[in-house]
Each structure stands twice: as C-alpha cells, then as structure tokens.
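In: just coords:
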C-alpha cells in the first residue's frame, strides 16, 4: 500500500476522558473486532493486562493495526494517569499524528497539559475529539475555549454538536455543510436543521478566516468574497494541522457509538502520513555534530527506533520498533548504533493488542514487534550495518518516589533481583538499585500507583511476594569538638604477641572531608606503621562509629606512639588505631549529618501559597521564586531528604496534578537532637528485627 495511505496515530488524554473507549469503537468500525469491548467490565481489547482490567485504567500503551477506507492505520492507545507518563512519552516519539480526547465536562484537565507539552516537544500534529457529549454538563464551546486559554491550541471547530446532554443526537460537518444523526443502523446523513444553519455558516467562515492567514489561495478568495471549495478548504486545513498552526476540533459520544466514523474520516483527511512528516534527521555515528537524513521510502537504507519492550511469557522479549526508512527482513543483520553492536532479526510480528501475526518483512512507516533482540533497549537506534546513523533518543522523565522492597521469603531474593531487572528493562521510568550503606534494595518510579502496579506484577507475573516500606536515609557521622586520645594494644600469646601504641588528636574539619596528618618525630613509630595507622582509621570511618554511617569531615593528627621490634605488625597498628579513633570519636561530641536536597517546583500561581506552606512544614527553606511562564512560577529551596517521602503524591493533591518538581543532593547538614534520636531509634529497631530474622 502506498505510504500516503498510512497513518501512525496515538490517542492520548487525561484519565477518564474516554481514550480506550474511543479506541475500542475505532477497532469495531474498522472491522478489527466483531464485539465492542468495554473498559468498565474489563473486556477492552487494548487493556489486556490483568492490572488494567482490574482497575479499569490503561497502564501500558498498546499498538494495533486496522484499515479504514483503503487506508492503513497503526493505532496506539496510551495511558492517562500521570504515573504512566513515560508510556505517552515514548508513544509520541514514534507516531506521526495524535487524537487528543477531551471530556465535554472536565475539558482541559491537569494531565491534558502534560500530554500537550509532550506532543509539543516532538512536534506531533493533532486533532481534538470532545467526548461524552451526551453527559450531563456537556459544554462543547467551553472546552474549545479552555483549549485556547490553557493550551494555546488555536482550536478550531470542524464539527458542531446537534443538541447536548441527553438531547445530543447528531453532529454538523462544518466544512461539508451537512449533518449526521446516529441510530441502531449507524450513520445517517441529513440536511442541517434550520436552527443550526446560521451557526454552521458562521463557523465555516471562521475556518476560512483562520486559514486565510496561512494559505494564499484562500486569502485571495476571502478578500474577493468568492466561494472556497470544500476540497481547497480541506487541503489548506490539512497543511495547517500538519504545521501545528491549528487544531481541528470534532465531537461525539464514544460509549454510545456516536461520531467515531466521522473521527476516522478526520484522521484520514487531516493527520499526516509518513510522507507528510518527511525525512527523519539523525546524527552521524562518528561525528555527532553532523546530521544525516533518511527519506520515508523503502529505497533508503534501513533505520528504525526501538520505543518499547515487553517481556511476554510465551515468546520472550518483544521489542517494538518504528521503521523510518528502508525494509527490514527476517534473519537480516542490523546495527544497534546506540550500543555499537550488531543484532540479527528473528521473528517480525504485526501486533493486534495481545494477538500477533508473523510477517516476513516490515517497510517504511510500519510499527512492528521483533523477537530475539538481546541488546536493544528503549530509545536505541537500529539501522543498516553499512550506513549507520543515530536517531534522537526518547526523553526519560526522572523517577519521583522511592520505596524499599524485600521478598517475603528469603529464598526469593535472587528471583526478585531478576524480576526487577526485567521490569526496569521494560519501563525506563522505573529504576532499581542496591544501597550499599543501608543494605536495602530500592525501587523508584513515577508515583504510588506506578509502584503499586510493579508490586502487583511481581506477584502475578513473577510469583514473588514482597514487602515494601520507606527506604532508610543515608546519614553521615562527624564530630563537633576537638579530642585527644591514646591507646596501647598489648596481647601476649604462646607465640608472637601483638603490640602497638598510638596517640591521636581528632579535630572537626567542616566541608573538607577526612584528613590525616603525621606529626611523628624521632621514629617513635616507623613509616610503614604510620601507613597502617591511616588504613585502620580509614576502614573505621567507612563503617561508622555512632550508628554505622560513614564518618566525614574529621581531621586526625598522629601525635606520638611506640612500637615493639618483634611484636609490632601492620595488623596490630591497624587495630590499635581503630580502637583509639573510636574512643576519641565518642568523646568529641559526635553528631549525625542529614542529607539536604535542592528542590525546584514548577507550579501555577494559584497553588504557590499551599506549596510554600507544605515545604515549610517539611523543614524546608525557600531560596527564590521567579516567573516561569504566564500564570506559573518556579520555586527553589532546600529540604531535608527524610522529609520528602510521600511528597510527590502530596504535591499532586495540592495542585490537582498541575505542579511538578525535581530534586538533587546538595550537602550534608547537622541534624537536630530530636532528628538524631528518631534516626538512632529506627536503626536500633532495624537491628533487633534483623537479629530475629
């Protein structure tokens, strides 16, 4: 099929706007399914994960192929919940056009703004579908107004609803100047009702007026007050949509099967084919400053981007790719230019949600899954071995919430590690690491629901039961007073004994780390044993003295000591120095230092007071506030890490999901007496628990 008859599109929106319901109707009307699946009863074709069916939400983006009026459509249904924003991100990276679904009552909601900004990042042309026009409180005009006010979308109605709420029974095609009603038999074309004729003509003139700014032919006809043909109007509207100059707006009620056929026509009429998008631009592998282009044609060298990985229990790892140029054949060697390694293509699958069809080759514009790739990860470029290039990677949003995870059964520790590795491989916004200091396995993700789904998948898919808890904070230990100490190690056994004697002075060394100064005179301790003293102290500070946390910012001065020509040894001086240091440390007013994080919050103006108040309650200090963009501010401050657990969820609640934040480690700072007592108590409880187990 010619490339101009291919559409790679995604469906995205705020949660509960009806994306998956729209997808299910598209599959029904394009003949992919014979029965309409519903989200609420867990039967949606696109929501095939057990976690999606139980919760009635979309978690993973699902790819599916269908046909409409001799056109091929690759459709990706994406999640609406902010915890799964990475799924939207990687889908938008590979699609050519997008249907943005809006609820006729809620309009522009918090996650809508996030998705819109993501689509802007990848310059994805989009059309809007205002859904649920049959619901109480539906307001088509208000949603269009919100799109322009909040998203700067230049939203332009291409349809008008006939009636609203329970009286919604049809739509008017403004370009064609005709109307449609819906009944059990399907779509029925009628004449525009008399009471809507004036508004329909006025709306068509508004489209002409807007397009006159971008199209000279329409501008001339508009000035001369001549009739603009439907064909010219559609062609100009398509060009303006592809160039992100306007957002055509359509409407319907997906659950009641109203408006879907018209929406499919709009996908064909206004969203781009791979040819319209044009050549993909990549970098030269040897010189990243140089660019290379691949035109969307099968005659060009092969290039593709891996955008999603799924571990399937039946076929193993599936790697989803979007082919930008050339042809990919089964058994063909390809270069992973991101890794600099060659992979061989095994099976190529065309995906119908959870069903798969084997194909021998994939051409330009195709979205397919590959079986057998071992090295390729999300965001990697696959290309012709002889003509490599590197495509732009997928932006990965940093995780915002961390939890400690442990298996219920100790024997499952290795099994848990392998499962977490596979899940992190699938989802770049989920990370896992082992904290050497606290000896805890830490998982991190985009929110509580995100990690809840991970835990659920561990239980159902990988058969590992786990416990989760807040991770421990990695404190540091230091001293606040100067202290002299000395210790003599004397041990006599049947054979060779042990002898070492050191005198030390411990001094606070704020911000300068550990320093060791040798002030031995007259050879009271030989040089090789001075080295042993330093090593013994270094081992002790890495293990901690007060509570098992590393010691920092201490200067140790070796003042004096003595040795025995026979009984002294490297080990004796190491042990002696360690004991001496510990005794002096505990007398030098030891204290815990807590990690302080630098935080940046982006928020709409109306939430700034609540956010500042919340940070103050978390012992935070605000350093600066400045205008971020119209109606938004950027706030910078410092907050102790131990106060930040649960902040992501609370910030989301405070700002209705519209604020975002990032934080990074800045410094260690002395903890108050109450914080120290709290930390030491927790540590003692942890040790007791470990001893019991």
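Out: Great, that's in hand. Because the structure is a prediction, the values reported are computed rather than measured.
In: helix/strand/coil for residue 626?
Out: Three-state assignment for residue 626 (DSSP: H, G, I helix; E, B strand; the rest coil): strand.
In: run a quick neighbour tally on it.
Out: Residue 626: 8 surrounding residues under other C-beta atoms under 10 Å. No exception for glycine: its C-beta is placed from N, CA and C like everyone else's.
In: do residue 668 as well
Out: Residue 668, neighbours per other C-beta under 10 Å, totals 19.
In: ok, it to residue 550 distance?
Out: To residue 550, residue 668 is 10 Å away according to C-beta to C-beta, to the nearest Å.
In: between the two, which contacts overlap?
Out: Contact criterion C-beta atoms under 8 Å, 6 or more residues apart in numbering; residues shared by residue 668 and residue 550: residue 476.
In: and the gap between the nearest residue to residue 530 once chain neighbours are set aside and residue 572?
Out: Distances taken as C-beta to C-beta, 6 or more residues apart in numbering put residue 518 closest to residue 530, at 5.3 Å, once the chain neighbours are dropped. Counting by C-beta to C-beta, the gap from residue 518 to residue 572 is 18 Å.
In: higher neighbour count, these two?
Out: The neighbour count for residue 518 versus residue 572, taken as other C-beta under 10 Å, is higher for residue 572 (23 against 15).
In: do you know how far that one is from residue 500?
Out: To residue 500, residue 572 is 4 Å away according to C-beta to C-beta.
In: mutual contacts of these two, please.
Out: The overlap between the contact sets of residue 572 and residue 500 (C-beta under 8 Å, 6+ apart) consists of residue 489.
In: check contacts around residue 575.
Out: The neighbours of residue 575, taking C-beta under 8 Å, 6+ apart as the test, are 489, 498, 500, 536.
In: got those as CSV, with secondary structure and distance to residue 121 columns?
Out: Listed next are the contacts of residue 575 as CSV, based on DSSP: H, G, I helix; E, B strand; the rest coil; distance: C-beta to C-beta, whole Å:
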residue, secondary structure, distance to residue 121
489, strand, 64
498, strand, 66
500, strand, 64
536, helix, 54
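In: taking those, tell me the two that lie furthest apart.
Out: Put simply, by C-beta to C-beta the two of the contacts of residue 575 set farthest apart are 498 and 536, 13.0 Å from each other.
In: quick check: phi and psi at the closest residue to residue 130 other than its chain neighbours.
Out: Nearest residue to residue 130, sequence neighbours excluded (C-beta to C-beta, 6+ apart): residue 251, at 4.4 Å. Torsion angles at residue 251 (phi, psi; degrees, to the nearest 10) stand at phi -150, psi 170.
In: quick one: low-confidence parts of the stretch 501-650 of the chain?
Out: Within the stretch 501-650 of the chain, the segments meeting pLDDT under 70 span 628-630.
In: packing partners for the helix or strand where residue 455 lies?
Out: For residue 455, the host element (DSSP states H and E) is helix 448-460. Helix 448-460 sits against helix 50-55, strand 401-407, helix 413-426, strand 440-445, strand 466-469, with contacts defined as 3 or more C-beta pairs under 8 Å, 6 or more residues apart in numbering; DSSP states H and E.
In: out of those, deepest packed?
Out: Burial of the helices and strands packed on helix 448-460 is given as mean neighbour count (mean count of other C-beta atoms under 10 Å); strand 440-445 ranks first at a mean of 21.
In: other SSEs contacting that one?
Out: Under the contact criterion of 3+ C-beta pairs under 8 Å, 6+ apart, strand 440-445 touches strand 401-407, helix 413-426, strand 431-435, helix 448-460.
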